[in-house]
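> next come a sequence and a model predicted from it.
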Amino acid sequence: MNRFIYPFLAIALIAITLSGCGYTLSRTGSASGPSKGRHKACVPMFVNDTFEPLIEEELTAALSDELMTDGRWVLTARGDADLLVTGRVTGFELVPLSYDAKERILEYRLRIRSDVKVTDVKTDKVLWKDSGVETFADYRVTDDITKSKIRKGEAVRKAAKGFAEDFIIRVLDTF
């Protein structure tokens, strides 16, 4: 009797697993809106109001990459765009997180603040705006200055990617 039950249970388990619950995650968006769900957007270089060099390039590049990866946006020149995504980096801060016994900093939290808005190019109407968007990443420092600078750069890229992913979650789904 057991030899009949085990195959039946295995088939039932496979059927239940494959049927799922009908809920799916899609990054292709709906078929509404411009270009059948694909918005034509222009993302000019963010403005940098901080003393941290090139931080605006990291945020702009991360946002552009995330928009292209998402599939619902087509990056284009401003003249062809439906939407204009602009940003301003308003803050950059390194906050010590941990110290060693000699009170030397071992780890930093890097925080970046920015203002971002999405504007309809044709009507010049602001469709979405948020001030003080904050993203962060942590990194460890070492006695080797070069390694510490590399880790800081990696943390900036990680924070920028987090910013871009957050933008997609908060903004894209409203269109």
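That came through fine.
> in this structure, what helix or strand scores lowest on average pLDDT?
helix 2-19 (a mean of 47; mean pLDDT, DSSP states H and E).
> ok, then the element right after that helix?
Next along the chain after helix 2-19, taking DSSP states H and E as the criterion, comes strand 39-42.
> direction included, what does that next one pair up with?
Its sheet considered, strand 39-42 pairs with strand 73-75 (parallel), strand 83-99 (parallel) by DSSP bridges.
> so which helix or strand takes in residue 51?
Counting by DSSP H and E, residue 51 is part of no helix or strand.
> ok, longest helix in this structure?
If you go by DSSP state H, the chain has its longest helix at helix 145-170.
> how big is the angle separating that one from strand 83-99?
If you take axes from the mean of the first three to the mean of the last three CA atoms, to 10 degrees, helix 145-170 sits at 130 degrees to strand 83-99.
> against which helices or strands is helix 145-170 packed?
Helices and strands touching helix 145-170, by 3 or more CB pairs under 8 Å, 6 or more residues apart in numbering; DSSP states H and E, are helix 55-70, strand 105-120, strand 126-140. C-beta: built from backbone N, CA, C; applies to glycine.
> before we move on, the earlier item: of the strands paired with strand 39-42, which shows the lowest average pLDDT?
Per-stretch mean pLDDT for the strands paired with strand 39-42 is lowest at strand 73-75 (a mean of 91).
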